[in-house]
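Undergrad: Build me a model from this:
(one chain, ligands or ions: 1)
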Amino acid sequence: MKRVVCPGSFDPITFGHLDIIERASKMFDEVVIAVLVNVTKSSLFSVDERMEMIREVTKKYGNVKVDSWSGLLVDYCQENKIPIIVKGLRAVTDFDYELQMSQINLQLKGVETLFMSTAPAHSFLSSSLVKEIASYDGDVSNYIPASLVPKLKARLAEVQRASGGK
Ligand code: PNS
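TA: Numbering: from 1, shown residues only. Down below sits the predicted model:
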């Protein structure tokens, strides 16, 4: 059985992520989406909320599972016997960092990384941009699943209220 992991922050999951997940689900027996705690980023949604949203929008795929991990990705791979990481590459700007990560993951625990090119329609897309557009009340319906739009708007409104509307 060929199992792979698609790791990320998914704060929130976008159509760019879903494109990679769907294509990977056709190539491998099982795709595990691992929500990782990224210490370099502060998140809008908790890990549990992100997992719940991912479950909701990936339930149509029979071979996609959702999990979370706080620690090194290679340790997750080792503990769950997953030999391959699948990642999307949007543009050359992603490449330096992703190459470095893939090399360190290979050296640390022999875990391979397969890069898939993001569909051109999503090459500019990121969760950060989606949050920024939504925070200015822009239309994000082309970037994230419809069921997540009200959740994102509601959370951004909460954050804005908590910061005194600044
Ligand atoms: O969606 P993101 O934030 O670009 O995903 C990045 C992520 C979470 C996949 C990456 O930061 C990661 O793998 N973090 C786990 C810690 C780790 O294994 N770091 C690499 C070796 S130092």
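Undergrad: Show me the shaky parts of this structure.
TA: Counting by pLDDT under 70, the low-confidence segments of the chain come to 166.
Undergrad: mind listing the helices for it?
TA: Using DSSP state H, the helices of the chain run over 15-27, 47-58, 73-79, 92-109, 127-135, 149-162.
Undergrad: Which residues in the longest one does the neighbour count mark as buried?
TA: Right, the one you point to is helix 92-109. Within helix 92-109, the residues that qualify as buried by neighbour count (16 or more other C-beta atoms under 10 Å) are D94, E98, S102, N105. For the C-beta atoms, the positions are set from N, CA and C on the backbone; glycine is no exception.
Undergrad: picking up where we left off before, okay if I get the helices of the chain as JSON lines plus distance to the ligand?
TA: Formatted as JSON lines, the helices of the chain follow (distance: least, C-beta to the nearest ligand atom, whole Å):
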{"stretch": "helix 15-27", "distance to the ligand": "8"}
{"stretch": "helix 47-58", "distance to the ligand": "10"}
{"stretch": "helix 73-79", "distance to the ligand": "4"}
{"stretch": "helix 92-109", "distance to the ligand": "5"}
{"stretch": "helix 127-135", "distance to the ligand": "7"}
{"stretch": "helix 149-162", "distance to the ligand": "16"}
